[in-house]
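K.L.:
Sharing a model prediction with you, sequence too.
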Amino acid sequence: MARSVTTRRKAINTVIAWGIGLLIFFPILWTILTSFKTEATAIADPPVFLFFDWTLENYSVVQERSDYMRFLWNSVIIAGGSTLLGIIIAVPAAWSMAFVPSRRTKDILLWMLSTKMLPAVGVLYPIYLIFIELGLLDTRIGLTIVLMLINLPIIVWMLYTYFREIPGEILEAARMDGATLREEILYVLTPMAVPGIASTILLNFILAWNEAFWTLNLTAAKAAPLTAFIASYSSPEGLFYAKLSAASTMAIAPILILGWFSQKQLVRGLTFGAVK
Amino acid sequence: MATQHSRSAARLMMAPAVILLLGWMLVPLTMTLYFSFKRYLPLRGGDQGWVGFENYVRFVTSSAFWPSVQATLIIVGGVLLITVIFGVLLALLLDQPMWGQGIVRILVIAPFFVMPTVSALVWKNMFMDPVNGLLAHLLEFVGLTPVEWLSQAPMTSIIMIVSWQWLPFATLILLTAIQSLDSEQLEAAEMDGAPPLARFGFIILPHLARAITIVVLIQTIFLLAIFAEIFVTTQGSFGTRTLTYLIYQRVLESQNVGLGSAGGIYAVILANIIALFLMRIVGKNLDA
């Protein structure tokens, strides 16, 4: 039986929780609001909250001055490309570990996880050197490969935990009916695995979009995604609050929306199935 | 039962992922290890031969080393303390019946999806700026002098920024764990007259122990590696140079690859020690 809760208690909970929730969300809200202000209003003293002349000027200025769309496009290509590439490589691996486990499966999974723990800064120079040798520095393809590799362990893990929930009997039945391995994967497994694969894509797209070590260190003008573009505002020109806010709002809006859909997967993906 | 045929097929399907990750791990790590035993200055004479463990000794005896260890520990420890304590409290709160629970959850989780460079810059300029920042206005409003956050209280500032980013993660995982708690047990305790604090201490907290351990371990690995938050705020000045940032500066800024590589190997060893604990927990879960 559910405990009966007084309306009074529920009301108190609601007020406290909303208060804290809005406080935590406030920096984001403030950024969004500021992006619609003029530079003068943005630094007004005392600060203006809602009642100002809303303007879209900052958004067009950011695009004109810095070619914002190019950075956005780089982010989309790099985050999307690395995620898809990772999925293509991880699906067969996760499939075989989930359905044809061997004595070493657990060790391989844990070893994969351990590569994720490798501190990036420890291999920064070698990667930098390899990138120069192969002409990959400041290219989208180079960054796509690196982000795919750093997220591959998470992709394999997430897919593995999803695949393990698919009953093996169904696959056996398909095999009995004479389905080849290819058919088994394509027509039996894939339709059942789609929700899990979609969640994996979603979370890893978010992680790749926000990655801010390799994207800052391996790109310059050409292949820089939004993380690096925003970092360029750390110079004194970043004191244009309204423009910084507009650029920031555009950089985080798509991910905030995607993120809200992925709350559950976030827990599973980032705790490697240890908390569900 | 899996046939011999499907076994070899399975091995083949695993191969690309295993080979790629093996290469990703071994090739750069071997190179770092190689450089760490050399005097290697790409812009000042290049490879100047083997020096044994000299880089390892110089890295730990340099005047920047211990302050960087200290900075790392303070930031990691501070953020862990804040995110775990407030994470537990927030998770308990969000588990209570209320109106608009879904929306509150979204508001609380949102910071996790903000890219590190954006959150660091927004905090730095729009909140912590001593003239135009909101915190300065707030302090003036209550009659205090505005603080130059990033130079006068640099550690506090960075801990604030990073905690804001990671509190949602801790909250979300602890909330998931609380929701898996058997509510009948709590009700029984309540009927037996156990006060709220006792229910928390004897039922909820023990139940959360595993989730808290996981939050601590995963966050530690990510927090040891924070980079962008320092890169766009203090650039490592005012005592905020963490171990990660120190290695980054040695390698890319002063281009002393040998010395930086030795530092990198230290970082790898440190991360591995923590990872070992995490693996044990995750591995146990795999058997279940």
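P.N.:
Looks like it came in fine.
K.L.:
which ones are touching the nearest residue to residue B:52 once chain neighbours are set aside?
P.N.:
The spatially closest residue to residue B:52, leaving aside those adjacent along the chain, is residue B:37, at 6.5 Å (C-beta to C-beta, 6 or more residues apart in numbering or on different chains). Every C-beta, even on glycine, is put in place using the N, C-alpha and C of the backbone. Neighbour list for residue B:37: B:50, B:51, B:52, B:53, B:55, B:258 [criterion: C-beta atoms under 8 Å, 6 or more residues apart in numbering or on different chains].
K.L.:
State the pLDDT value of residue B:37.
P.N.:
As predicted, residue B:37 sits at a pLDDT of 92.
K.L.:
From residue A:22, how far out is it?
P.N.:
Remark: distance between residue B:37 and residue A:22 (C-beta to C-beta, to the nearest Å) = 55 Å.
K.L.:
same deal with residue A:165?
P.N.:
In terms of C-beta to C-beta, residue A:165 sits 37 Å off from residue A:22.
K.L.:
who's more crowded, those two?
P.N.:
residue A:22 (13 against 10; other C-beta atoms under 10 Å in any protein chain shown).
K.L.:
which residues sit in contact with residue 28?
P.N.:
Chain wasn't specified; assuming chain A. A:252, A:256, B:110, B:111, B:114.
K.L.:
um, chain B though
P.N.:
A:123, A:126, A:127, A:130 are the contacts of residue B:28 under C-beta under 8 Å, 6+ apart.
K.L.:
buried stuff in the host helix or strand of the last one?
P.N.:
Residue A:130 belongs to helix A:124-133 when elements are defined using DSSP states H and E. Neighbour counts over helix A:124-133 (16 or more other C-beta atoms under 10 Å in any protein chain shown) mark A:124, A:125, A:126, A:127, A:128, A:129, A:130, A:131 as buried.
K.L.:
And for stretch B:129-142?
P.N.:
Those would be B:129, B:130, B:132, B:133, B:134, B:135, B:136, B:137, for stretch B:129-142 by 16+ other C-beta under 10 Å.
K.L.:
which one of those is nearest chain A?
P.N.:
Nearest to chain A out of those is residue B:132 (C-beta to the nearest C-beta; 4.4 Å).
K.L.:
which one is the closest one nearest to, not counting chain neighbours?
P.N.:
Leaving aside its chain neighbours, residue B:132 sits nearest to residue A:43 (4.4 Å; criterion: C-beta to C-beta, 6+ apart).
K.L.:
Close to chain B: what parts of the stretch 51-200 of chain A are there?
P.N.:
A:89-90, A:92-93, A:95-97, A:99-100, A:102, A:106, A:108-110, A:112-115, A:117-130, A:149, A:152-153, A:156, A:181 (C-beta under 8 Å from any C-beta of the partner chain).
K.L.:
just for chain B, where's the confidence low?
P.N.:
For chain B, applying pLDDT under 70 flags the ranges B:1-4, B:285-288.
K.L.:
what about residue B:118, distance to residue A:219?
P.N.:
17 Å.
K.L.:
Compare those two and say which is more crowded by neighbours.
P.N.:
Counted by other C-beta under 10 Å, residue B:118 and residue A:219 do not tie: residue B:118 has more neighbours, with 29 against 23.
K.L.:
For that one, list the residues it contacts.
P.N.:
A:31, A:230, A:248, A:251, A:252.
K.L.:
Cross the residues you listed against helices and list the overlap.
P.N.:
A:31, A:230, A:248, A:251, A:252 (DSSP state H).
K.L.:
want to throw these into a markdown table with pLDDT, distance to chain B and neighbour count?
P.N.:
Shown next, in a markdown table, are the ones in helices among the contacts of residue B:118 (pLDDT from 0 to 100; distance: C-beta to the nearest C-beta, whole Å; neighbours: other C-beta atoms under 10 Å in any protein chain shown):
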| residue | pLDDT | distance to chain B | neighbour count |
| --- | --- | --- | --- |
| A:31 | 92 | 5 | 24 |
| A:230 | 87 | 4 | 29 |
| A:248 | 91 | 5 | 27 |
| A:251 | 89 | 6 | 24 |
| A:252 | 91 | 5 | 26 |
